[in-house]
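Enquirer: No letters, just coordinates:
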């Protein structure tokens, strides 16, 4: 089955710096790669996603890149703010809807 | 439009007891999922359903059963609870097709915190 590895497990940055989280996947059939943000005690919520026919997508301060050949994708957050502090999960999704999640990255943005 | 609703929000069980977690969605989604989330770990898929009357096993199905008798509801059952099933359980639902393209944004419920003593 699909295997998703996510790095780093924890990330601490100063406010205003950039943060990068990387994921690799194993199943070349995966064609949809969402990123979720989970604040403490809350449910995961989608922040950005990318399909396998696209190499990069940007939404204000966040961007996602995908390298299908290497089977890895990354989340980039620029100009980080304290409210960006949360756990971030990547996922690789097969065409029939089954997603495999990474183990998460705890991002701390220090004011 | 409530989205995905899970009941109950909290539950404490004794080892060997049984219970059912209910997930309801009002978005007419085809797919529904049950995950468990343990500290320091991601979301692990227990069971999922691609449509009314169908279910399939995920990564960690042992000790759980599910049913999808109605499109909007997905039930997760624990027949004989064990301490290892102490976890936070999330239900999610998603679309399948939108204008000829698969669309699988998962919308999550608020979670059920279960403790098994």
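Expert: Everything's here; your move. As the structure is a prediction and not an experimental result, all values here were calculated from the model.
Enquirer: Residue A:81 against residue A:109, yeah?
Expert: Yes: between residue A:81 and residue A:109 a contact is recorded at 6.3 Å, counting by CB atoms under 8 Å. C-betas here are computed from N, CA, C, even on glycine.
Enquirer: what pairs with residue A:99 across the strands?
Expert: Here residue A:99 sits in beta bridges with residue A:93, going by DSSP bridges.
Enquirer: Pull the contacting residues for it.
Expert: For residue A:99, the contact set (CB atoms under 8 Å, 6 or more residues apart in numbering or on different chains) comprises A:34, A:91, A:92, A:93, B:33, B:45, B:104, B:106.
Enquirer: Closest one of those to residue A:12?
Expert: residue A:91 (23.5 Å; CB to CB).
Enquirer: Which positions in chain B make contact with chain A?
Expert: Residues of chain B lying close to chain A (CB under 8 Å from any CB of the partner chain) are B:30-31, B:33, B:35, B:40-45, B:48, B:50, B:58-59, B:90, B:94, B:96, B:101-102, B:104-106, B:108-111.
Enquirer: Which of these fall within strands?
Expert: B:31, B:33, B:35, B:43-45, B:48, B:50, B:90, B:94, B:101-102, B:106, B:108 (DSSP state E).
Enquirer: and the residues you listed as JSON lines, adding pLDDT?
Expert: Listed next are these as JSON lines, based on pLDDT from 0 to 100:
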{"residue": "B:31", "pLDDT": "92"}
{"residue": "B:33", "pLDDT": "96"}
{"residue": "B:35", "pLDDT": "97"}
{"residue": "B:43", "pLDDT": "92"}
{"residue": "B:44", "pLDDT": "93"}
{"residue": "B:45", "pLDDT": "93"}
{"residue": "B:48", "pLDDT": "94"}
{"residue": "B:50", "pLDDT": "89"}
{"residue": "B:90", "pLDDT": "97"}
{"residue": "B:94", "pLDDT": "91"}
{"residue": "B:101", "pLDDT": "64"}
{"residue": "B:102", "pLDDT": "63"}
{"residue": "B:106", "pLDDT": "91"}
{"residue": "B:108", "pLDDT": "96"}
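Enquirer: re earlier: of the contacts of residue A:99, buried ones?
Expert: A:34, A:91, A:92, A:93, B:33, B:45, B:104, B:106 (16 or more other CB atoms under 10 Å in any protein chain shown).
Enquirer: Tabulate those residues in a markdown table, adding columns for distance to residue A:24.
Expert: Below are the buried ones among the contacts of residue A:99 laid out as a markdown table (distance: CB to CB, whole Å):
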| residue | distance to residue A:24 |
| --- | --- |
| A:34 | 16 |
| A:91 | 13 |
| A:92 | 9 |
| A:93 | 15 |
| B:33 | 22 |
| B:45 | 19 |
| B:104 | 20 |
| B:106 | 21 |
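Enquirer: Relative to residue A:54, which of these is nearest.
Expert: Closest to residue A:54, out of all of the buried ones among the contacts of residue A:99 and judged by CB to CB, is residue A:34, at 12.9 Å.
Enquirer: Correct me if wrong: that closest one contacts residue A:91.
Expert: Yes: using CB under 8 Å, residue A:34 is in contact with residue A:91, at 5.3 Å.
Enquirer: No more questions from me, cheers.
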